[in-house]
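Colleague: Structural data only, the sequence is not supplied:
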């Protein structure tokens, strides 16, 4: 058991596989001696050298495209986009190439690549450096999408993501980078397995990423009012642990889905629809779906806080159900 | 560079194979045997065979929407190609790719590609992989003049240059980006000029002359294998058909078309071989007949293949998730 930050856990996951396999490499903007914009790869350049921890020019299309070409020819690349917002610039390589090559080529090519995607608001970085764009990627057949909320999950999911023969989109929440957590296992965590981070009988709060902590905060407050909420951390968005969602809702009969994305068209809508379609009979109330405002992320901290969903939103939604 | 007679004979056969495959594809498309889009390599047959003659089996290529010629030149199997065009279960892509997405990883063919300019980045990744794995393989990136206006062209040539990646960027300048002539879509005449921006060699050759292409490609491949980095080769050529089959290509001036048809690479090379006593007219005819028989066999093979079962649509989205994507 050791205590690692979320950021250190991601680094540890990458480093473990890089020590084992010379074909695992990391590249992206300033990931080398600079250590990455958020310091996630600090020290890796010194350990693995400039060939395998490689600075790239500011060329997101070529960064993702390089991962595609490298994965198709024998490497297991990890490509870092400095911010998930920069996906826009590299989207063709991800959506039309990485995601589709196995299928288009009749299954005769593997695409073992990881794209690291720092995401989320709360840093005063405004509209082009703060988005939560996971729904863009969960929408694309061929991609897998994970979003750890803790150091332990970040490490275990990184190991699995690197081991996977399909492109795995690895979301990292920037506000969690400095958060410490106990890491007791160096085992890979299977994709498609969520976990109950707080057990309860009265209400299921279904979420992932940083909103796990909003959910836990809300659950503590609701407990004071006699509402015992369960918090489900999905961890993996695709594949999705529908069974765990079903088990929780079967027990609680009420579901709040909270994600940090702009609510319109978000993955929270997909989760809500699944609950409505597959677990309707368990429900005693309509599913509550919470997201951010349907606006760009504003700059001024007071505006940004208003934009982001929070524990109070969960509590308000929950109380309407009782 | 000395070019042996045997090599020239083989080049001719490869060019002929592409010509006949493409003529067959045009006919089959017109007859409704081939669904979807078909973009033909007719008129450009001198390029891919000459470039691929400089490659080993373990070298890589990336291709384009106009990819049949590249795939045949790198050793793609005509039967499986034709079966894919026919959308059959046993085609290269099991009927999931079609003309624009044929690939053969075992032969280093990293795929035709429906997105103009996408191959630039993929070849850069292949080049990086070669460098990191420490082999002396190379990657050839085939692309058209139209794609040199995509950002991927700039990003990839820059990256390949700074990292000295073993890539040969082969621009098949057929003078059109879909309907837009080169004179309208870019302000330069020689795409090779763009190499200066990346401080790499840029050469422009007659793309209808396989020997000129072979010579330029040979130098570039040797340079790449020696770790000296990428080269941009521009092969000036002409797309004899429209952008896709069914495109009447009314945007092409008749005189221009006629002038290029007079420079048809197959006709010129056959004449060169006969004039230089490398092949007799009879020998040429024998090659033509042999190649035509291969094409006929491929068509017969394809026509006899089963269609995919509709239910197989869920296979190969992921390596390990199948039934879950059958969402209804």
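Modeller: Right, received. Where do you want to start? All values reported here derive from a predicted model rather than from experimental measurement. Residues are numbered from 1 along each chain as shown, chains lettered A, B, ... in the order given.

Colleague: okay, how far is it across stretch A:102-113, tip to tip?
Modeller: 13 Å (C-alpha to C-alpha, to the nearest Å).

Colleague: which residues sit against that stretch?
Modeller: With contact meaning C-beta atoms under 8 Å, 6 or more residues apart in numbering or on different chains, stretch A:102-113 is reached by A:67-68, A:70-72, A:76-79, A:98, A:101, A:141-142, A:162-168, B:91-97, B:101, B:103-106, B:110-111, B:315-319. (Glycine included, C-beta is placed from N, CA and C.)

Colleague: for the helix or strand harbouring residue B:21, what is the average pLDDT?
Modeller: In the assignment (DSSP states H and E), residue B:21 maps to helix B:5-30. Confidence over helix B:5-30 (mean pLDDT, whole number) is 97.

Colleague: next structured bit after that helix?
Modeller: On the C-terminal side of helix B:5-30, the nearest following helix or strand under DSSP H and E is helix B:47-52.

Colleague: residues making contact with that next one?
Modeller: By C-beta under 8 Å, 6+ apart, helix B:47-52 touches B:11, B:14-15, B:18, B:41, B:61, B:69-70, B:72-75, B:140, B:142, B:168, B:170, B:172, B:207, B:210-211, B:213-214, B:217, B:233, B:235, B:237.

Colleague: about what we covered before: so which of the contacts of stretch A:102-113 sit within strands?
Modeller: Secondary structure defined by DSSP state E assigns A:76-79, A:168 of these to strands.

Colleague: Which of those residues has the largest number of neighbours?
Modeller: Using other C-beta atoms under 10 Å in any protein chain shown as the neighbour criterion, residue A:79 leads the ones in strands among the contacts of stretch A:102-113 with 31 neighbours.

Colleague: correct me, but that residue touches residue A:67?
Modeller: Yes: Residue A:79 is within contact range of residue A:67, at 4.1 Å (criterion: C-beta atoms under 8 Å).

Colleague: Now do the shared contacts for those two.
Modeller: The contact sets of residue A:79 and residue A:67 overlap at A:27, A:113, A:115 (C-beta under 8 Å, 6+ apart).

Colleague: Tell me the buried residues within those residues.
Modeller: Buried residues within the shared contacts of residue A:79 and residue A:67, counting neighbours by 16 or more other C-beta atoms under 10 Å in any protein chain shown: A:27, A:113, A:115.

Colleague: Among the residues you listed, which lie within strands?
Modeller: Counting by DSSP E, these contribute A:27, A:115 to strands.

Colleague: nearest to chain B, of the buried ones among the shared contacts of residue A:79 and residue A:67?
Modeller: Nearest to chain B among these: residue A:27, at 7.9 Å, using C-beta to the nearest C-beta.

Colleague: in stretch A:48-62, what's buried?
Modeller: Within stretch A:48-62, the residues scored as buried using 16+ other C-beta under 10 Å are A:48, A:52-54, A:56, A:59-62.

Colleague: Show me which residues of the stretch 51-200 of chain A are close to chain B?
Modeller: The stretch 51-200 of chain A comes close to chain B at residues A:51-52, A:56-57, A:59, A:61-62, A:64-75, A:77, A:92-93, A:96-97, A:101-110, A:141-142, A:144, A:164-166, as judged by C-beta under 8 Å from any C-beta of the partner chain.

Colleague: For residue B:197, state which of the ones in strands among the contacts of stretch A:102-113 is nearest.
Modeller: Proximity of those to residue B:197 was ranked by C-beta to C-beta; the top entry is residue A:79 with 24.6 Å.

Colleague: can you pull out the strands in chain A?
Modeller: Using DSSP E, the strands found in chain A span residues A:2-5, A:24-28, A:53-55, A:76-80, A:114-119, A:144-146, A:168-173, A:180-183, A:195-198, A:203-207, A:229-233, A:236-238, A:255-262, A:288-292.

Colleague: Same question for chain B.
Modeller: With strands called from DSSP E, chain B shows them at B:60-62, B:139-144, B:167-173, B:176-177, B:180-181, B:202-206, B:231-236.

Colleague: which residues sit in contact with the most centrally placed residue in chain B?
Modeller: With distances taken as C-alpha atoms, centre = their mean, residue B:70 lies nearest the centre of chain B, 2.7 Å away. Residue B:70 sits next to B:41, B:48, B:52, B:61, B:63-64, B:109, B:112, B:142 when contact means C-beta under 8 Å, 6+ apart.

Colleague: Where does pLDDT dip in the stretch 1-150 of chain B?
Modeller: Residue ranges of the stretch 1-150 of chain B with pLDDT under 70: B:1.

Colleague: wait, residue A:262 sits on residue A:290?
Modeller: No: counting by C-beta under 8 Å, residue A:262 does not reach residue A:290; the two are 11.8 Å apart.

Colleague: Tell me which of those two has more neighbours.
Modeller: residue A:290 (24 against 20).

Colleague: was I right about the more buried one contacting residue A:263?
Modeller: Yes: assessed by C-beta under 8 Å, residue A:290 is found in contact with residue A:263 at 7.3 Å.

Colleague: how many neighbours does residue B:327 have?
Modeller: Using other C-beta under 10 Å, residue B:327 has 6 neighbouring residues.

Colleague: how near is it to chain A?
Modeller: For residue B:327, the distance to chain A equals 10 Å [C-beta to the nearest C-beta, to the nearest Å].

Colleague: Ok, residue B:27 next?
Modeller: Separation of residue B:27 from chain A (C-beta to the nearest C-beta) stands at 25 Å.

Colleague: And for that residue, the neighbour number?
Modeller: The burial count for residue B:27: 13, using other C-beta under 10 Å.

Colleague: No more questions from me, cheers.
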